[in-house]
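[1] Here you go, sequence then predicted model.
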Amino acid sequence: MAQILVLSDDLTGANATGARFARSGMRVASVDAGHARRAAPAYDAVVANLDSRHLDAPKAADLVRSTVERLWPVELVVKRTDTTLRGNVGAELEAAWQAVRDRSPHGSRTRVLFAPAHPASGRITVDGVQLLDGVPLERTQLALDPLNPVRTSVVADIVAQQSDLAVRHLSLGRVTRSDLVDALLGGDEPVVLCDAVTEEHLADIARAAVEASRRDGTVWVAADPGPFGALLARELGLRGTTPAPGPVLAVVGSATELTRRQLDAVAADDAGGSVEFVDIDARRLTGDPGYPAQAAGLLARRLGEASFPAAVVVRTCASAEDVVRLPAPARRAMPGRLAALVAGAVGRAAPSALFSSGGDVTSALLAELGVSALDVGGELVPLAVYGRLDGGPLDATPIITKGGLVGDDDTIVRCLARLRDTVHDRLRGVPARLPSQGRGT
């Protein structure tokens, strides 16, 4: 069954919230309330669009309660709220709280952890007030919304319009203090409202909430417009149930100065994910009979230990000058030896994508892998070609190849980013199927 249930009051919000969970590798279904139960066995997270924003408050609350009932048990319930707090906020928060409280272990405390900030879209919470690009909600065009005109930006007052639940407010000063866990544990109000102006604040709240749960067993219902629920799920250790694909494998046979700068840029790239380098001694590769098997074993272990979106980069230790100094037979043998080493490792631990730099090494690698053809998709930059492998143990694997003197300092970073995007799209493009709905059901 699904680990996470997200309750949304409109479709666009449901989809945007689902995307947050998909980033962590989860299989995520965005469905209407009627299909939520059927989706639960096939997905890690079910985002149920209740389409309740414009309903009467009692009917919206009933939808929340009935959806929790149908999908229980789950590890985490998230009540997705509008970024500008329109709709049946109070009624739906209370219904979610009641539904989870009634099903939680006897003696445990259930609380709503409400973090309405969405910093990436300019929505932040300061002193309990929701701001849109720094302006209180009622002073923006939201005051003229024909269906849900916003009259106040005080979050506790918005909750109080439809609920009698007491709200405990933690200001930004409390959120940023070292005793945040104690602050979350304090009081007995069912709703804990937290200020936040950055995603780092939301991450701090999520970590503190998990520690608070460990101390006293509190069961949290997350309430937020998207980012906080996903952060809390991560801190709770909720992950996708499908095995993570292997890392991106980069094989760099070129020893040019440009290539060295490109690899330095890869090492410094914080956005792409972790990178591990496997350095190959060019002299030993061509002169020490036992070295290739030893290096292949090391590479296989690195590939087996890492997972997407990490990258494992195979590179030669030698500079261009060092390679030139090798005996001519060794220079000619090096691409084939490197390719054989990599192919041997790939046979034990497959990567999710392949990058190759250096024409001789790429040619030798495709031959060692038994590739019948490179299905060319296009050029990322001039002379850096993307496509997929046809044939061999890595059949259909995305690949980018480029020459050693191609591109500028960030070209390999861009190539790896493109491969990661391709792998991510492929993962999302193989959907889990909902169980068939029989006739009459």
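    That came through fine. Predicted, not measured: the structure shown is a model, and the values here were computed from it.

[2] Can you pull out the low-pLDDT segments for the stretch 101-250 of the chain?
    241-243 (pLDDT under 70).

[3] which residues sit against the top strand by length along the chain?
    Ranked by residue count and defined by DSSP state E, the top strand of the chain is strand 373-381. Under the criterion Cβ atoms under 8 Å, 6 or more residues apart in numbering, residues 366, 385-391, 399-402, 406-407, 411, 414-415, 418 lie in contact with strand 373-381. (Glycine included, C-beta is placed from N, CA and C.)

[4] Next up, the contacts around the closest residue to residue 74 other than its chain neighbours.
    Spatial nearest neighbour of residue 74, chain neighbours left out: residue 5 (4.6 Å); criterion: Cβ to Cβ, 6 or more residues apart in numbering. Contacts of residue 5 were listed using Cβ under 8 Å, 6+ apart, and they are 36, 45-46, 48, 67-68, 71, 74, 76-78.

[5] next one: residue 285
    Per Cβ under 8 Å, 6+ apart, neighbours of residue 285: 291-292, 295, 316, 334, 337-338, 341.

[6] Which of the residues you listed are buried? Put it as a ChimeraX command.
    Buried subset of these, written as a ChimeraX selection, criterion 16 or more other Cβ atoms under 10 Å:
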select :291,292,295,316,334,337,338,341
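
[7] Can you tell me which of the contacts of residue 285 is closest to residue 120?
    Nearest to residue 120 among the contacts of residue 285 is residue 316, at 40.8 Å by Cβ to Cβ.

[8] Next, format the contacts of residue 285 as JSON lines and append distance to residue 9 and secondary structure.
    Formatted as JSON lines, those follow (distance: Cβ to Cβ, whole Å; DSSP: H, G, I helix; E, B strand; the rest coil):
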{"residue": "291", "distance to residue 9": "62", "secondary structure": "helix"}
{"residue": "292", "distance to residue 9": "60", "secondary structure": "helix"}
{"residue": "295", "distance to residue 9": "56", "secondary structure": "helix"}
{"residue": "316", "distance to residue 9": "56", "secondary structure": "strand"}
{"residue": "334", "distance to residue 9": "62", "secondary structure": "helix"}
{"residue": "337", "distance to residue 9": "61", "secondary structure": "helix"}
{"residue": "338", "distance to residue 9": "56", "secondary structure": "helix"}
{"residue": "341", "distance to residue 9": "55", "secondary structure": "helix"}
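
[9] Name the weakest-confidence residue in the contacts of residue 285, if you would.
    Minimum pLDDT for these is recorded at residue 316 (86).

[10] Surely it touches residue 283?
    No: in this structure, residue 316 is not within contact of residue 283 by Cβ atoms under 8 Å, at 9.7 Å.

[11] Is it correct that residue 169 falls within a strand?
    Yes: counting by DSSP: H, G, I helix; E, B strand; the rest coil, one finds residue 169 located in a strand.

[12] and it, what does it touch?
    Contact analysis of residue 169 by Cβ under 8 Å, 6+ apart lists 128, 156, 193, 195.

[13] Spatially, which two of those residues are the most separated?
    Of all pairs drawn from the contacts of residue 169, the one with the longest distance (Cβ to Cβ) is 156 and 195, at 11.8 Å.

[14] Tell me which of the two has more neighbours.
    Between residue 156 and residue 195, counted using other Cβ atoms under 10 Å, the more crowded position is residue 195 (24 against 18).

[15] Identify the residues contacting the closest residue to the more buried one other than its chain neighbours.
    With Cβ to Cβ, 6+ apart as the criterion, residue 195 has its nearest non-adjacent residue at 4.1 Å, and that residue is residue 172. The neighbours of residue 172, taking Cβ under 8 Å, 6+ apart as the test, are 126-127, 195-197, 201.

[16] Residue 114 now?
    Residues in contact with residue 114 (Cβ under 8 Å, 6+ apart) are 81, 93, 155, 159, 167, 191-194, 223-224.

[17] Next: residue 385.
    Residue 385 neighbours (Cβ under 8 Å, 6+ apart): 374, 376-379, 400-402.

[18] Any buried residues in the helix or strand containing it, and which?
    Counting by DSSP states H and E, the element that carries residue 385 is strand 384-390. Of all the residues in strand 384-390, those buried under the rule 16+ other Cβ under 10 Å are 384-386, 388-389.

[19] try stretch 258-265
    Applying 16+ other Cβ under 10 Å to stretch 258-265 flags 258-260, 262-263, 265 as buried.

[20] what about that stretch, average pLDDT?
    92.

[21] tally of neighbours for residue 17?
    27.

[22] those helices in the stretch 201-350 of the chain, which residues are they?
    Here the stretch 201-350 of the chain has its helices, by DSSP state H, counting those that start in this stretch, at 227-235, 257-268, 282-287, 291-305, 320-325, 328-346.

[23] For the stretch 151-300 of the chain, just list every one of the strands.
    167-170, 191-194, 219-224, 248-252, 275-280 (DSSP state E, counting those that start in this stretch).

[24] Does anything pack onto the second one? Which helices or strands?
    In other words, strand 191-194. Here strand 191-194 touches strand 110-114, helix 155-160, strand 167-170, going by 3 or more Cβ pairs under 8 Å, 6 or more residues apart in numbering; DSSP states H and E.

[25] three-state assignment of residue 399?
    Following three-state DSSP, the label given to residue 399 is strand.

[26] Could you give the number of residues near the closest residue to it other than its chain neighbours?
    Leaving aside its sequence neighbours, residue 399 sits nearest to residue 354 (Cβ to Cβ, 6+ apart; 4.5 Å). Each residue near residue 354 was counted by other Cβ under 10 Å, and the total is 26.

[27] likewise residue 293?
    Should you count by other Cβ under 10 Å, residue 293 turns out to have 12 residues around it.

[28] what's the closest of the contacts of residue 385 to residue 359?
    Distances from residue 359 to these, taken by Cβ to Cβ, are shortest for residue 401, at 8.2 Å.

[29] Much appreciated, bye for now.
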